[in-house]
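Peer 1: just need the structure, nothing else, for what follows:
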Amino acid sequence: MSDGAMKKVDPSSQEFKEVHEKTIKFTDGVLGQFGFVYHPDKEVVQSVQFGLTRNKLIYNKRYCPCFFVTGNKEEDRICPCKPALEKEIPTDGRCHCGIFCTPEFAAAQKMQEDIEESVHKHSRGLSKEECEFLLKKEQLDSSELEALIEARELSMVKFQIADVREWMEYKNIRIKGVDHLVPTTSFYESVKVVDKDVPVIVYCHVGSRSAYCQKMMKSMGFKHVGNLTHGIVSYQGKMERG
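Peer 2: Next up is the predicted model:
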């Protein structure tokens with residue numbers, strides 16, 4: 001296949017434009033056939049459609065553009081490929097290339113993008129649905145936790161914050177709004193005060209101790225435990241001392 005791969009493709013040529021139009025109709029057809037939707041990021045869709053067009057012109061087949069074309073019929077993926085249909089989309093909600101998604105994955109992805117736009121640019125407050133979505137995340141950043149605390153103050157959502165550092169660290173500085181001190185050195189005794197049925201967000205200095213406690217709490221049957229990924233050193237919200 002190496003000789004074919006050397007063929008030059010001109011995206012501005014009439015040939016490319018015609019094949020690209022057919023490729024778009026082809027991917028539209030895949031959506032209708034299998035009940036998929038496109039990835040909400042248009043750049044992902046356009047990039048894959050471009051790659052499929054390129055491969056159609058070079059190899060006369062729409063090979064997945066995310067993989068090398070080797071000439072081995074057993075390994076080379078022709079879109080929509082078998083691994084995507086049988087494993088990737090049913091399991092992950094999207095194919096490896098990202099163009100085809102389940103409606104559920106696309107909706108969740110769109111919500112995540114809307115939340116990031118809101119919390120990182122501070123353009124608006126979160127909706128109740130967005131709060132609940134964030135509380136299901138395993139890892140949160142500073143802006144996401146700040147937005148959740150603000151929403152909690154407005155009684156839009158209910159969750160707990162647990163500091164898993166030691167008492168002296170806690171007294172020195174802590175996140176304003178923390179509910180529980182659960183020192184790692186006395187974890188199994190201290191964690192008893194935390195309600196298992198209410199979502200919890202844990203944090204430490206840089207995120208490593210809290211990640212360990214997160215794992216332990218999940219094994220103990222807590223409803224959901226999120227972790228402030230990079231700890232209090234990354235937090236930009238309000239703090240308390242003393």
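Peer 1: need the longest helix for this protein.
Peer 2: Ranked by residue count and defined by DSSP state H, the top helix of the chain is helix 14-34.
Peer 1: show me what contacts the closest residue to residue 212 other than its chain neighbours?
Peer 2: The shortest distance from residue 212 to any non-neighbouring residue, by C-beta to C-beta, 6 or more residues apart in numbering, is to residue 184 (7.6 Å). Glycine gets a C-beta too; all of them are placed from N, C-alpha and C. Contacts for residue 184 were tallied using C-beta atoms under 8 Å, 6 or more residues apart in numbering; they are 164, 165, 166, 204, 209, 212, 213.
Peer 1: state the distance from the last one to residue 197.
Peer 2: The one in question is residue 213. 18 Å (C-beta to C-beta, to the nearest Å).
Peer 1: for the first one, same thing?
Peer 2: Counting by C-beta to C-beta, the gap from residue 164 to residue 197 is 19 Å.
Peer 1: more neighbours: those two, which one.
Peer 2: Using other C-beta atoms under 10 Å, the more surrounded residue of residue 164 and residue 197 is residue 164, with 29 against 8.
Peer 1: just name the shakiest helix or strand of this protein by mean pLDDT.
Peer 2: Every helix and strand of the chain was ranked by mean pLDDT, DSSP states H and E. The lowest is helix 2-5, at a mean of 46.
Peer 1: now residue 10: closest residue in space that isn't a chain neighbour?
Peer 2: Using C-beta to C-beta, 6+ apart, the nearest residue to residue 10 is residue 16, at 6.1 Å.
Peer 1: I'd say that neighbour and residue 52 touch.
Peer 2: No - using C-beta atoms under 8 Å, residue 16 makes no contact with residue 52, being 11.9 Å away.
Peer 1: more neighbours, those two?
Peer 2: A direct count of neighbours by other C-beta under 10 Å for residue 16 and residue 52 places residue 52 higher, at 26 against 18.
Peer 1: I figured that one hits residue 79, correct?
Peer 2: Yes - Residue 52 lies in contact with residue 79 (C-beta under 8 Å); the separation is 5.8 Å.
Peer 1: overlap in contacts, these two.
Peer 2: 27, 62, 63, 64.
Peer 1: and the residue lying closest to the last one once chain neighbours are set aside, what does it touch?
Peer 2: If I follow you right, that is residue 64. Spatially, and ignoring its direct neighbours in sequence, residue 64 is nearest to residue 77 (4.1 Å; C-beta to C-beta, 6+ apart). Going by C-beta under 8 Å, 6+ apart, residue 77 touches 63, 64, 67, 83, 84.
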